[in-house]
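J.: next come a sequence and a model predicted from it.
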Amino acid sequence: MRFSANLGFLWADRPLTDAVRAAATAGFDAVECHWPYDTPAQDVAAVLRETGLPMLGLNTRRGNVAAGENGLSALPGREDEARAAIDEAIAYAIAIGTRNVHVMAGFVQGEHAQDTFLANLGHACRQARPEGITILIEPLNDYDAPGYFLQTTTQAEALIDQLGAPNLRLMFDCYHVQLMEGNLTRRLTRLLPKIGHIQFASVPDRGAPDRGEVNFAHVFAHIAELGWTAPLGAEYRPQGPTETTLDWLATLR
Ligand SMILES: O=C(O)C(=O)[C@H](O)CO
Ligand SMILES: [Mg+2]
């Protein structure tokens, strides 16, 4: 099994470029991030070349973070900002060779929000497709992100089917899915053709995967049996310095 360090959480206390180096030293096969926009893309591209690690994914900006926003793409009336964030994310992804862009929906509910999200996702998929980039949507659990538009894989699957874009896929984060829907291995099997990236953290505390209610040795073996070979995203909150939380990397590999 190969693993990607999510630098939104792992080594998040370091500049992004140093975090990439730390992930390489620790033996990760890839990296991914949340919002890299404060770091010039050419610096990130340079450190990816230096370490040989690919950056698997990045997120669109959240909007007004101080006001509690967590994405713009399902917010009716915010289409111009949402599309600017999508275009920015795709341009950054092209500059650093990243193949996945997670389009964040935001805190909103209702049919109008669904139409808005679909329209903005259509824009994202059209812009990304000629560049070989996949657009990801990720259900977030209602405990950490109450009121987030996209909360379940069932909802995400319906959106993917409705839009019918070949480069729209599901970000299957085992942490969120376990909290909202459970049934991880059956769900992974059924949804596999629609999955673009897989992430994990312990449940319920979002720590390293060698603790908590999910047996990740079993889940990772199942994912390998399904034929999935891309690195899995370690998106957990280290309790202490990241290096002290990496025993799982040897045991679950
Ligand atoms: O929160 C998550 O699980 C994510 O993957 C997002 O990228 C950050 O909100
Ligand atoms: Mg995630």
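T.: Yes, it's here. Because the structure is a prediction, the values reported are computed rather than measured. Ligands and ions are numbered 1, 2, ... in the order given.

J.: contacts, neighbours, all on C-alpha from now
T.: OK.

J.: neighbours of residue 147, just the number please.
T.: When neighbours are counted by other Cα atoms under 10 Å, residue 147 registers 15.

J.: oh, I was asking about residue 152
T.: Neighbour tally, residue 152, other Cα under 10 Å: 19.

J.: the stretch 101-250 of the chain: helices as residue ranges?
T.: Listed in chain order, the helices of the stretch 101-250 of the chain (DSSP state H, counting those that start in this stretch) span 111-128, 153-163, 174-180, 184-191, 216-225, 247-251.

J.: other residues contacting the last one?
T.: Going back to what we said before, that points to helix 247-251. Residues from elsewhere that reach helix 247-251, judged by Cα atoms under 8 Å, 6 or more residues apart in numbering: 208, 209, 210.

J.: surely the second one meets residue 219?
T.: Think residue 209. No. Between residue 209 and residue 219 there is no contact under Cα atoms under 8 Å: 10.6 Å.

J.: more crowded one of the two?
T.: The neighbour comparison of residue 209 against residue 219 (other Cα under 10 Å) goes to residue 209, with 25 against 16.

J.: distance check, that one against residue 216.
T.: Going from residue 209 to residue 216 by Cα to Cα, to the nearest Å gives 6 Å.

J.: give me the phi and psi for the closest residue to residue 132 other than its chain neighbours.
T.: The shortest distance from residue 132 to any non-neighbouring residue, by Cα to Cα, 6 or more residues apart in numbering, is to residue 99 (6.8 Å). With angles defined as degrees, to the nearest 10, residue 99 sits at phi -100, psi -10.

J.: could you report the neighbour count for residue 99?
T.: Residues near residue 99, counting by other Cα under 10 Å: 20.

J.: in contact with it, which residues?
T.: Counting by Cα under 8 Å, 6+ apart, residue 99 touches 56, 57, 93, 132, 133, 134.

J.: can you pull out the strands in the stretch 51-200 of the chain?
T.: For the stretch 51-200 of the chain, strands defined by DSSP state E, counting those that start in this stretch occupy the ranges 57-59, 100-102, 134-137, 168-173, 195-200.

J.: so which of these gets nearest residue 124?
T.: For the strands of the stretch 51-200 of the chain, proximity to residue 124 was assessed by Cα to Cα; strand 134-137 is nearest, at 6.9 Å.

J.: can you give me the offset of stretch 227-242 from its chain's centre?
T.: Between the centre of stretch 227-242 and the centre of its chain there are 11 Å (Cα atoms, centre = their mean, to the nearest Å).

J.: give the buried residues for that stretch.
T.: Judged by neighbour count (16 or more other Cα atoms under 10 Å), stretch 227-242 contains these buried residues: 230, 231, 232, 233, 234, 235, 236, 237, 238, 242.

J.: same check on stretch 150-170?
T.: Going by neighbour count (16+ other Cα under 10 Å), the buried part of stretch 150-170 is 150-153, 156-157, 159-160, 165, 167-170.

J.: same check on stretch 95-109?
T.: Here stretch 95-109 shows 96-108 as buried, counting by 16+ other Cα under 10 Å.

J.: likewise for stretch 184-194?
T.: The neighbour-count check on stretch 184-194 (16+ other Cα under 10 Å) flags 184, 185, 188, 191, 192, 194 as buried.

J.: using CSV, please lay out those together with pLDDT and distance to residue 34.
T.: Shown next, in CSV, are the buried residues of stretch 184-194 (pLDDT from 0 to 100; distance: Cα to Cα, whole Å):
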residue, pLDDT, distance to residue 34
184, 98, 24
185, 98, 26
188, 98, 23
191, 98, 24
192, 98, 23
194, 98, 22
